[in-house]
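> quick one: sequence plus predicted model below, questions after.
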Protein chains: 4
Amino acid sequence: MTIKVAIAGASGYAGGEILRLLLGHPSYLSGDLQIGSLTAGSSAGASVADLLPHLPQLAHRIVEDTTPEILGDNDVVFLALPHGHSAAIGQALADRNPETVVIDCAADFRLQDAGEWEHYYGGEHAGNWPYGIPEMPGHREQLQGAKRIAVPGCFPTGATLASLPAVAAALVVPDLAVVSITGVSGAGKKAAVGLLGSEVMGNLKAYNTAGKHRHTPEITQNLAEVTDEEITVSFTPVLAPLPRGILTTITAPLAAGVTQDAAYETYRAFYQDEPFVHLLPEGQQPQTQNVVGSNMCHVQVEVDMRSGRLLMTSAIDNLTKGTGGAALQCMNLSLGWPEIAGLPQAAVAP
Amino acid sequence: MTIKVAIAGASGYAGGEILRLLLGHPSYLSGDLQIGSLTAGSSAGASVADLLPHLPQLAHRIVEDTTPEILGDNDVVFLALPHGHSAAIGQALADRNPETVVIDCAADFRLQDAGEWEHYYGGEHAGNWPYGIPEMPGHREQLQGAKRIAVPGCFPTGATLASLPAVAAALVVPDLAVVSITGVSGAGKKAAVGLLGSEVMGNLKAYNTAGKHRHTPEITQNLAEVTDEEITVSFTPVLAPLPRGILTTITAPLAAGVTQDAAYETYRAFYQDEPFVHLLPEGQQPQTQNVVGSNMCHVQVEVDMRSGRLLMTSAIDNLTKGTGGAALQCMNLSLGWPEIAGLPQAAVAP
Amino acid sequence: MTIKVAIAGASGYAGGEILRLLLGHPSYLSGDLQIGSLTAGSSAGASVADLLPHLPQLAHRIVEDTTPEILGDNDVVFLALPHGHSAAIGQALADRNPETVVIDCAADFRLQDAGEWEHYYGGEHAGNWPYGIPEMPGHREQLQGAKRIAVPGCFPTGATLASLPAVAAALVVPDLAVVSITGVSGAGKKAAVGLLGSEVMGNLKAYNTAGKHRHTPEITQNLAEVTDEEITVSFTPVLAPLPRGILTTITAPLAAGVTQDAAYETYRAFYQDEPFVHLLPEGQQPQTQNVVGSNMCHVQVEVDMRSGRLLMTSAIDNLTKGTGGAALQCMNLSLGWPEIAGLPQAAVAP
Amino acid sequence: MTIKVAIAGASGYAGGEILRLLLGHPSYLSGDLQIGSLTAGSSAGASVADLLPHLPQLAHRIVEDTTPEILGDNDVVFLALPHGHSAAIGQALADRNPETVVIDCAADFRLQDAGEWEHYYGGEHAGNWPYGIPEMPGHREQLQGAKRIAVPGCFPTGATLASLPAVAAALVVPDLAVVSITGVSGAGKKAAVGLLGSEVMGNLKAYNTAGKHRHTPEITQNLAEVTDEEITVSFTPVLAPLPRGILTTITAPLAAGVTQDAAYETYRAFYQDEPFVHLLPEGQQPQTQNVVGSNMCHVQVEVDMRSGRLLMTSAIDNLTKGTGGAALQCMNLSLGWPEIAGLPQAAVAP
């Protein structure tokens, strides 16, 4: 049987990344996966040649309107829409056919707490779907065969994978100072003066600081799954002059008696079977260039005896492991395909 | 039968790119291709984790010394060595086993003219091997089954593919003004003050100007294969602040009576069956970001009636179609595998 | 007497650069120059703190509406408005007070040929004002005491200064192949998807090619002032990932018998007394980083015997010598102040 | 009287920045300051044209050897040498003439604690000189007329100015999590593979983490001057793809009862008379592009009630306020000149 895969919001960066990865998926190359409907909002009617010129194989495809009718005629639908748009279309797709696999890259179904949703996003809370970080305890099992999946935010992916083993093993007091430095594609393909090349190159700036960034409650929610202690997260995102990549640095007070060896061994054991999390050799720090275009998360952990804090760091490509790659990883789990199919572990460096 | 593939000079950018592509090659995924010896010069003894941290699958591999003995125990050997080092080792490998496929990424076997070799590279001319631009008339046939292949230079690849149809069809007087703007990885992974990030970012500079660049005779040689007229090439390379990519712009005097329609149709017909050359829709110019990590060359042709010149442009990734991808394309042809196997057509953009 | 200086379009990149330079002008530091009205279009009402946070001295100033009444109450008015907006306001200012010095950074008064204006810009031709490249023969004299000045375009400044001595001295047949690679600020501070950091970083693309760029006739016009031969200009602008800077490379057929020594000596003699044109030592090529923030143009000339062409190159900062610095240089000439006052010759490198 | 100013280490980035600023100093323009000896190590004998092509006014100057004899013949000597080289030459200059003003840009005389010096730098501790952050309480007075001055490190400048008011006023428990993201020029002009453009562009990486960076004790020392509480500093430097600029983000546990208004007012009062520290309007975060080439430090402070931490941020140009500008500010204080002379407050943006 051929699986027909659609993308709503195909003209954006997340949609383009999902397409790029699908074109290299072994099921696509063998004909078992077919690229179905590509839809967009204001770009509907334009060709892939105009919208995504890095995908010459699809140059002649025309992007259609984002409607449940068009999307419903597919087996898998990726939603790469602005926050708040997935809830309605997700429901409409489920009503048409409960067997359709819907994988939402927006925030609509990520948060469990309605109050947090309303505070950070406004409007009514649509509920929550199985959350797509397979590396979190119990999540892989939930995602296998799931028909509805919420793909995590890019910052929560980097922050969660960097600190999860430490919080789960109580290596730290979970009062985390998180600084995540991101490339510009995380802000999407929307025209805004603050995202112009002239404003971004040669520049570094923090934004949505002091608890204002919408990914703050998502990070907290993830870590709360592995500890009974109260989680506190200070989150400072920083915009840096590169297209792709997030480097996350986290420090937290070291629990009594934790040594470098114990911390490193905790991480090693936690991630030893994970195909997409790579604990670096001791002494090496993650670099975003080493994950560009790959679905990997590189992590490191280091005890700082001088300050009595644990340093946890990670690097991901915000568009791959941070969005489109995670979405394909979830699709593989949903369909019962090999989890790593079509997902590069090698990066495009330098 | 499993094909064992070695790389000499594995620690550099070209070697790393060949490895990245091999790791995604369907024959590697199926087990028909095995990554054999990895060798280097001063980096011998170090691990891939240290040298190429973007390839976590090979992290524990140790890089060995570059010797004919070590390399000779493989079916295919990629030479990614500095210019002038391939001749001796290529000969030694041939002496050991004439069936070993040797694919040289250096200049040693590219030039047909011994005088040009001596002028531009110095030392004795080693001869020339089948030249690895399959898109040049007659070359694909020479490369099929070839045991010795010279991979072209990155600038010659971009300049040749941009102008070949025009020169072959006499759309222009072949007196070409070539300006090629390149990312920094083209200069290799060697410590030099002029290549420091501080010197490169925010900077543009021409270098090896006015006929001094070693790729000048190679461009001329390629174009001379398709015309009897005398070729003149003014070549100006420019270093720009990006890691990967070459944008080539070429202008030449328009031949009498050539129209935009005729020029575009000439290009369309010339490249219509080529998997790795993509003629853009009229009105679109090539962008290097649309070929990053892919083996594609995007081209465009445009008549400028005001100046009476033809504008020919191309974009490639200097490490993929410009080196490592071309090397794999040649390997596929040599081994009788599908030419496109393991070579992405979609780019990592943005 | 205190000179009061206004800027219309103060919120843009050109306006901001004029302000930056005025704040360092010795007449400002001594109190002889006062920063008068700052006006804008849609940004009127906002503070300098919001619009130009790199100018903390003016943080509390509020930007006003662009009207002849507000601007007319100043001795010098810089117009940094979109093309086509300067004609009306320039006329209104002249009507109010013919002694007001009006320095227009747009194209409105640059072109002498009404047909070229209509072809490239559309609408009615407003005429032409003294043209602000003092280094062109006779221009410095026209600019001294002038009340109306047209500041040149950034590409024409780089291309003219690179090739003027060669064309004037007939070192070449004036059939020029011009490729100008520019930083992104040249496109102005307007939100557009194609100028986003994600689209610009890691990318190179030619645009407005094959005679379509509006600066093409301006380059031709400038060179035609120094030769009776017919000028042909093929102009290819390229967008590159840096905020500031234009590198211009020009080649043209060498006239018979021209040697490297003669070419270099021609340039040396032509520019020896110019404070803002620096002929580099032979063997050095211009680099844009060496002119960032300065009012300099670095130039080089090189004979290419292999191709029979002359290579002429220049580097400028498009916002300084390419716009705001040129505007101040013109103001100094208009007011009879030292031409170099307030104009850095040293660049902010690296 | 003309003051003769020498620079030892003139060929590096710090030396070049000092020269750039001196060339715009009003005392240089009036002839009261003369640029004396320029010296270097392995670059001695080369011209400024070759070493610092962004300073065309000095193109013909030849760089001499770094000896006490050559340097001693000047009134002011800036030492921009590698760490550990200043102690001997500083002593030799003092022996020759105690009136010579020696301003050291290296770490040799910054640390008060010999144990910290030995731990972080090795070798014998040379003692400490008046420390050149005039904005620290009591320091301006020490620097006025001083003959020996230690210019602070770039990271300590950014971290100290960001957090000093908060620590002094006990707005926080002084257990600081400091993440400083820096441009590449901070690493100096030395050839190293890890600093190549290809390795830096598109990349983010932390380095010298977990207390290993030499600036860690300097930050601690500075803050300890304004509080009796024990200072703890977790310091994580991150290398980012831009030439100049440091963005520092610091969080620390909020002291009981501290409100946003109180925090902001504390900063306002602390810095209200400082010419080179600019507290941004509430709601604006510092951006490095707004201080490029200027001697400014932009700061912001923000209460994060969700996490119970205070966020303190700053932006500086590492080569200006972080090194060369600070050095000139110290020279002005030493010589009794206006503190702001020759030091731009406006930045080169974008």
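Structure received.
> which residues touch A:K190?
Shown in contact with A:K190 (CB atoms under 8 Å, 6 or more residues apart in numbering or on different chains): C:V193. Using the backbone N, CA and C atoms, a C-beta is placed for each residue, glycine as well.
> ok, now how distant is it from chain B?
Using CB to the nearest CB, to the nearest Å, we find A:K190 at a distance of 13 Å from chain B.
> show me where the stretch 251-350 of chain A has helices.
Per DSSP state H, counting those that start in this stretch, the stretch 251-350 of chain A carries helices over the ranges A:260-271, A:325-335.
> what pLDDT is listed against the residue nearest to A:G138 when sequence neighbours are not counted?
Leaving aside its sequence neighbours, A:G138 sits nearest to A:E225 (CB to CB, 6 or more residues apart in numbering or on different chains; 8.0 Å). What the model reports as pLDDT for A:E225 is 98.
> ok, A:E225 touching A:P137?
Yes: between A:E225 and A:P137 there is a contact under CB atoms under 8 Å: 7.2 Å.
> ok, these two, which is more surrounded?
Comparing A:E225 with A:P137 by other CB atoms under 10 Å in any protein chain shown, the one with more neighbours is A:E225, at 18 against 11.
> wait, what's in contact with the more buried one?
With CB under 8 Å, 6+ apart, A:E225 has these contacts: A:M136, A:P137, A:G138.
> can you say which helix or strand has the closest residue to the second one other than its chain neighbours in it?
Excluding the flanking residues, the one nearest A:P137 by CB to CB, 6+ apart is A:V226, at 6.4 Å. A:V226 is located outside every helix and strand, with elements delineated by DSSP states H and E.
> so A:V226 sits against A:S163, correct?
No: the pair A:V226 / A:S163 is not scored as a contact, 9.6 Å apart, by CB under 8 Å.
> mind checking which of those two has more residues around it?
Taking neighbours as other CB under 10 Å, A:V226 and A:S163 compare with A:S163 leading, 31 against 21.
> how much space between A:I7 and chain D?
A:I7 is 26 Å from chain D, by CB to the nearest CB.
> that's a helix at that residue, yeah?
No: remark: A:I7 does not belong to a helix; assigned using DSSP: H, G, I helix; E, B strand; the rest coil, it is strand.
> count of neighbours near it?
Using other CB under 10 Å, A:I7 has 32 neighbouring residues.
> hmm, back to that, do you know which of the helices of the stretch 251-350 of chain A lies nearest A:A40?
Of all the helices of the stretch 251-350 of chain A, it is helix A:325-335 that lies closest to A:A40, at 16.9 Å by CB to CB.
> picking that back up, closest to A:L195 out of the helices of the stretch 251-350 of chain A?
helix A:325-335 (22.8 Å).
> name the helices or strands packed onto that closest one?
Applying 3 or more CB pairs under 8 Å, 6 or more residues apart in numbering or on different chains; DSSP states H and E, one finds that helix A:325-335 contacts helix A:13-23, strand A:76-79, strand A:101-104, helix A:139-143.
> could you point out which element follows the first one?
Sequence order places helix A:26-30 as the next helix or strand after helix A:13-23, per DSSP H and E.
> flag every residue of the stretch 51-200 of chain A that's near chain C.
Neighbours of chain C within the stretch 51-200 of chain A, by CB under 8 Å from any CB of the partner chain: A:183-185, A:187, A:189-193, A:195-200.
> report the buried members of these.
A:G183, A:V184, A:S185, A:A187, A:K189, A:L195, A:L196, A:G197, A:S198, A:E199, A:V200 (16 or more other CB atoms under 10 Å in any protein chain shown).
> ok, the second one to D:V184 distance?
To tie it back to what came earlier, the one meant is A:V184. 18 Å (CB to CB, to the nearest Å).
> re earlier: and which of the contacts of A:E225 is nearest chain B?
In terms of CB to the nearest CB, no member of the contacts of A:E225 lies closer to chain B than A:M136, at 20.7 Å.
> who does the longest helix that chain A contains touch, helix- and strand-wise?
Counting residues, the longest helix in chain A under DSSP state H turns out to be helix A:154-168. Applying 3+ CB pairs under 8 Å, 6+ apart, we find helix A:154-168 packed against strand A:175-182, helix A:216-224, strand A:232-239, strand A:246-253, helix A:260-271, strand A:297-304, strand A:309-316.
> for chain B, which of the ones you listed is the nearest?
Of all those, strand A:297-304 comes closest under CB to the nearest CB, at 7.5 Å.
> mind listing what's buried in the worst-scoring helix or strand of chain A on mean pLDDT?
In chain A, no helix or strand scores lower on mean pLDDT, DSSP states H and E than helix A:86-96, which sits at a mean of 93. Of the residues in helix A:86-96, A:S86, A:A87, A:I89, A:G90, A:L93, A:A94 count as buried by neighbour count, 16+ other CB under 10 Å.
> might one say that the first one is in contact with A:A106?
Yes: with contact taken as CB under 8 Å, A:S86 and A:A106 are classed as touching, separated by 4.6 Å.
> now for those two: what residues contact both?
A:L79.
> what's the separation between A:F235 and D:A159?
Distance, A:F235 to D:A159, by CB to CB: 20 Å.
> just A:Q260 next, same as before
25 Å.
> neighbour count: those two, which is higher?
D:A159 (30 against 15).
> how much space between the nearest residue to the more buried one once chain neighbours are set aside and chain A?
With CB to CB, 6+ apart as the criterion, D:A159 has its nearest non-adjacent residue at 4.8 Å, and that residue is D:I219. D:I219 sits 11 Å away from chain A, taking CB to the nearest CB as the criterion.
> contact partners for A:M136?
Residues counted as contacts of A:M136 (CB under 8 Å, 6+ apart) are A:T160, A:L164, A:N222, A:E225, A:V226.
> distance of the first one from D:Y121?
Distance, A:T160 to D:Y121, by CB to CB: 38 Å.
> more neighbours, the two?
Neighbours were counted for A:T160 and for D:Y121 using other CB under 10 Å; A:T160 has more, 25 against 19.
> wait, that one sits on A:Y131?
No: contact criterion CB under 8 Å: A:T160 and A:Y131 do not qualify, at 10.0 Å.
> what residues do the two have in common as contacts?
Common neighbours of A:T160 and A:Y131 (CB under 8 Å, 6+ apart) are A:P152, A:N222.
> how much space separates the residue nearest to A:L51 when sequence neighbours are not counted from A:K190?
Spatially, and ignoring its direct neighbours in sequence, A:L51 is nearest to A:S11 (4.4 Å; CB to CB, 6+ apart). In this view, A:S11 and A:K190 are 11 Å apart by CB to CB.
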